[in-house]
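Visitor: Give me the fold of what follows.
(one chain, ligands or ions: 1)
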Amino acid sequence: MNTRRDLAVEGSLPSVPLLDVGRGNGPLRQELLDAIAAVIDSGRFLHGPDVAALESEIATRTGCRHAIACASGSDALLLALMALGVGPGDEVIVPSFTFFATASAAWRLGARPVFAEIDPRSYNLDPERLRESITPRTKAIIPVHLFGQSVEMNDILERACEHGIPVIEDAAQAIGATHQDRPVGSMGLLAAFSFYPTKNLGGFGDGGMVTTNRDDLAERVRLFAAHGMNPRYYHRVVGINSRLDTIQAAVLRVKLRHLDTWTAQRGVNADRYAELLADQADSRLVLPTASARNRHVWNQYTIRVRDGLRDRLREQLQRQGIGSEIYYPVPLHQQDCFKTLEPSRVPLRETEAASQEVLSLPIYPELTRGEQDRVADCIRQFLAATATKTRAA
Ligand SMILES: *Cc1c(COP(=O)(O)O)cnc(C)c1O
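Guide: Numbers count the residues shown, from 1 in each chain. Okay, here's the model as predicted:
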């Protein structure tokens, strides 16, 4: 497999991609092909035994009674809201600093996404500022475990509980993460996982999973994911068609066996960045941190670059063939499609600042030490060069 075809623009060093899924899949190639071949031979492309097996494996890992496979993480969020009966006139509290699907799930059901403020250190919903967004119409809160780190769930749950509001975890980026030793996906009433190829457990296409401890909600999620049909051709509610292909389940089961090793390596890479860049961290560069209460699974390693230098650093990395990405450049409350919503009830200053300053660096498990050195060197050089210029000015 040729993963080094891109040459860096400056010099002849190979590029350091932001993510290279080939490096994780390559060593498993034969195992993956065997798993896919078995599905082809069985002819059971939907509802095959691998789907049920993956569901029970995810249930076990997340410490949940139920896991229900579906077509994507976006559908998992939608199905969780459908199971709770969220609809027109309802409000759903979500962060604005997240992937679009967190908010669009509420919108698609006719509910209103209400954007709440984040904690600038974790980029996760700030429990201290949740109350100001709650109204009698609030029907759900969807905290997102962004970049692989759990939200301060105890505080969120406490406030939600005071008002009797259900919490749905958006755990799309955080499979394997824990908060006070409890796995993400097991703390809310329901949770959504994604197997999109860039997530820590990524398939060969789309896939998702809903987890819950409640028997009645699990049943409703299954019903809504299958056109509300039970028994066959009798429709009790209007649902959607959302299934996980057996081929995806088979691939994910092979990869799941390696998830702990990969997650540990992401942690090693994060610690190494912290070491390499510790002496650079100042008012202009902020490194990500993991709360002592959390096991962070580092789906992204996201630094903050202040003084309006973020985009220039990104260009410099690009010139040296180093991949980076801005998750997310436009907060959801500023998206065109949400312009018809009434303006946010609370100021979203931290959200807006984050979108101007964040930059995610390569952190995938197979990243080499040499590659990490190059990323750190590039940042070091950039900060040195810009510091001199600032002082000279
Ligand atoms: C990826 C992601 C989703 C959506 O998952 P898909 O499988 O791509 O539909 C939802 N929320 C967050 C925070 C995500 O990162």
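Visitor: What ranges does the stretch 201-350 of the chain have for its helices?
Guide: Taking DSSP state H, counting those that start in this stretch as the criterion, the stretch 201-350 of the chain contains helices spanning 215-225, 246-256, 259-277, 310-319, 349-357.
Visitor: Comparing those, which comes out most buried?
Guide: The highest mean neighbour count among the helices of the stretch 201-350 of the chain, using mean count of other C-beta atoms under 10 Å, belongs to helix 246-256: a mean of 23. For the C-beta atoms, the positions are set from N, CA and C on the backbone; glycine is no exception.
Visitor: now that helix, how far from the centre of its chain.
Guide: From the chain centre to the centre of helix 246-256 is a distance of 19 Å (C-alpha atoms, centre = their mean, to the nearest Å).
Visitor: do stretch 78-93 as well
Guide: On the basis of C-alpha atoms, centre = their mean, stretch 78-93 sits 20 Å off its chain's mean C-alpha point.
Visitor: That stretch close to the ligand?
Guide: No. Judged by C-beta under 6 Å from any ligand atom, stretch 78-93 stays clear of the ligand, getting no closer than 9.4 Å.
Visitor: Tell me which of the helices of the stretch 201-350 of the chain approaches the ligand most closely.
Guide: Closest of the helices of the stretch 201-350 of the chain to the ligand is helix 246-256, at 11.0 Å (criterion: C-beta to the nearest ligand atom).
Visitor: which phi and psi does residue 360 have?
Guide: phi -100, psi 130 (degrees, to the nearest 10).
Visitor: check contacts around it.
Guide: Under the criterion of C-beta atoms under 8 Å, 6 or more residues apart in numbering, the neighbours of residue 360 are 18, 147, 300, 301, 302, 303, 324, 325, 326, 327.
Visitor: ok, now how distant is it from residue 43?
Guide: Counting by C-beta to C-beta, to the nearest Å, the gap from residue 360 to residue 43 is 41 Å.
Visitor: again with residue 150
Guide: Applying C-beta to C-beta, the value for residue 150 to residue 43 is 41 Å.
Visitor: cool, residue 350 as well?
Guide: Counting by C-beta to C-beta, the gap from residue 350 to residue 43 is 52 Å.
Visitor: Local confidence estimate at the residue nearest to residue 107 when sequence neighbours are not counted?
Guide: The shortest distance from residue 107 to any non-neighbouring residue, by C-beta to C-beta, 6 or more residues apart in numbering, is to residue 113 (5.8 Å). pLDDT, residue 113: 97.
Visitor: Residue 76 and residue 82 touch, don't they?
Guide: No. If you go by C-beta atoms under 8 Å, residue 76 and residue 82 don't touch, sitting 10.7 Å apart.
Visitor: higher neighbour count, those two?
Guide: Remark: of residue 76 and residue 82, residue 76 carries more neighbours, 33 against 24, as counted by other C-beta atoms under 10 Å.
Visitor: buried set for stretch 354-372?
Guide: Of the residues in stretch 354-372, 354-355, 357-367, 371-372 count as buried by neighbour count, 16 or more other C-beta atoms under 10 Å.
Visitor: Can you measure across that stretch, start residue to end residue?
Guide: End-to-end span of stretch 354-372 (C-alpha to C-alpha, to the nearest Å): 24 Å.
Visitor: quick one: low-confidence parts of the stretch 251-393 of the chain?
Guide: Residues of the stretch 251-393 of the chain that meet the criterion pLDDT under 70 lie in 388-393.
Visitor: Spell out which parts of it neighbour the ligand.
Guide: Contacts of the stretch 251-393 of the chain with the ligand, taken as C-beta under 6 Å from any ligand atom, are absent.
Visitor: Tell me which residue in the stretch 251-393 of the chain sits closest to the ligand.
Guide: At 7.8 Å from the ligand, residue 299 is the closest residue in the stretch 251-393 of the chain, using C-beta to the nearest ligand atom.
Visitor: again with the chain
Guide: Counting by C-beta to the nearest ligand atom, the chain gets nearest to the ligand through residue 73 (2.4 Å).
Visitor: for that residue, what are its contacts?
Guide: If you count contacts by C-beta under 8 Å, 6+ apart, residue 73 has them with 101, 170, 172, 192, 193, 194, 195, 196, 199, 208.
Visitor: Same list (those) but as a markdown table, adding neighbour count.
Guide: Listed next are the contacts of residue 73 as a markdown table, based on neighbours: other C-beta atoms under 10 Å:
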| residue | neighbour count |
| --- | --- |
| 101 | 23 |
| 170 | 29 |
| 172 | 29 |
| 192 | 31 |
| 193 | 28 |
| 194 | 29 |
| 195 | 30 |
| 196 | 19 |
| 199 | 21 |
| 208 | 29 |
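Visitor: What's opposite residue 167 in the beta bridge?
Guide: residue 141 (DSSP bridges).
Visitor: do the same with residue 294
Guide: residue 179.
Visitor: count of residues packed around it?
Guide: Residues near residue 294, counting by other C-beta under 10 Å: 24.
Visitor: swap in residue 374?
Guide: Using other C-beta under 10 Å, residue 374 has 21 other residues around it.
Visitor: Tell me the spacing between it and residue 111.
Guide: The value you get for residue 374 to residue 111, if C-beta to C-beta is used, is 46 Å.
Visitor: go on, residue 302?
Guide: Applying C-beta to C-beta, the value for residue 302 to residue 111 is 29 Å.
Visitor: Could you check which of these two has the larger neighbour count?
Guide: More crowded of residue 302 and residue 111, by other C-beta under 10 Å: residue 302, with 25 against 22.
Visitor: List the beta-bridge partners for the residue nearest to the more buried one when sequence neighbours are not counted.
Guide: With C-beta to C-beta, 6+ apart as the criterion, residue 302 has its nearest non-adjacent residue at 4.7 Å, and that residue is residue 360. Judged by DSSP bridges, the bridge partners of residue 360 are residue 302, residue 325.
Visitor: mind giving me the domain split of the protein?
Guide: Using automatic domain parsing, the domain parsing of the chain gives 27-256, 259-392.
Visitor: For residue 14, find the nearest of these.
Guide: domain 259-392 (7.1 Å; C-beta to C-beta).
Visitor: which other residues reach the helix or strand hosting residue 157?
Guide: Using DSSP states H and E, residue 157 maps to helix 153-162. For helix 153-162, the surrounding residues in contact (C-beta under 8 Å, 6+ apart) are 125, 127-128, 130-131, 134, 141, 143, 166-167, 169, 179-180, 182, 184, 187-188.
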